[in-house]
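Novice: based on what follows, work out the 3D shape:
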Amino acid sequence: MCIEKTLVESFYFEIWNKRNHREAHAILADDFMFRGSLGDEKKGVDGFLEYVDAVHTALGDYECVINDLVVDAGKVAARMTFQGIHQDIFFGVKPTHKKIEWGGAAFFEVRQSKIQSLWVLGDIDSIKSQLARIQ
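Specialist: Numbering: from 1, shown residues only. Predicted structure coming up:
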């Protein structure tokens, strides 16, 4: 298995799904650059982990599911499904305690056996539509 694929799978299964902060420090570059579909940009592992924790606060049982992965010379593209239970204010909407789910794409850059950067584009319109429908 190639290192890029292993890193991205660990990124989602360990860091996002399990909130494993130790794994984040092991596989993310110290100057990791993150741009999320929710508009936030974070630099560094700790800044990114604050973002992870904020999403988990808003969405209980939050999970990232990898649908497809494409790896090419230090770059990885992933087609994703994101889901969770709306348990705190999210996009200005009070908790509905309903499950929401949306698709997205993630683009990673890997160098020296670490994830250097990530740019994510999620279907924000789908999130807003679901939240409006279940209020």
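Novice: residues making contact with the lowest-mean-pLDDT helix or strand in the chain?
Specialist: Here the helix or strand of the chain ranked lowest by mean pLDDT, DSSP states H and E is helix 124-134, holding a mean of 91. For helix 124-134, contacts defined as C-beta atoms under 8 Å, 6 or more residues apart in numbering pick out 37, 38, 86, 90, 91, 93, 96, 98, 100, 101, 102, 103. C-betas here are computed from N, CA, C, even on glycine.
Novice: now which of the residues you listed would you call buried?
Specialist: Among those, those scoring as buried are 37, 86, 90, 93, 96, 100, 102 (criterion: 16 or more other C-beta atoms under 10 Å).
Novice: any idea how far residue 133 is from the residue nearest the centre of the chain?
Specialist: Per C-alpha atoms, centre = their mean, the C-alpha nearest to the average position across the chain is that of residue 16, at 6.2 Å. According to C-beta to C-beta, to the nearest Å, residue 16 stands 25 Å off from residue 133.
Novice: what do you get for residue 40?
Specialist: 25 Å.
Novice: of these two, which one has the most company?
Specialist: With neighbours defined as other C-beta atoms under 10 Å, residue 40 and residue 133 compare such that residue 40 has more, 15 against 10.
Novice: ramachandran coordinates for that one?
Specialist: Main-chain dihedrals, residue 40, degrees, to the nearest 10: phi -80, psi 140.
Novice: quick check: closest non-adjacent residue to residue 41.
Specialist: residue 35 (5.0 Å; C-beta to C-beta, 6 or more residues apart in numbering).
Novice: thanks a lot, catch you later.
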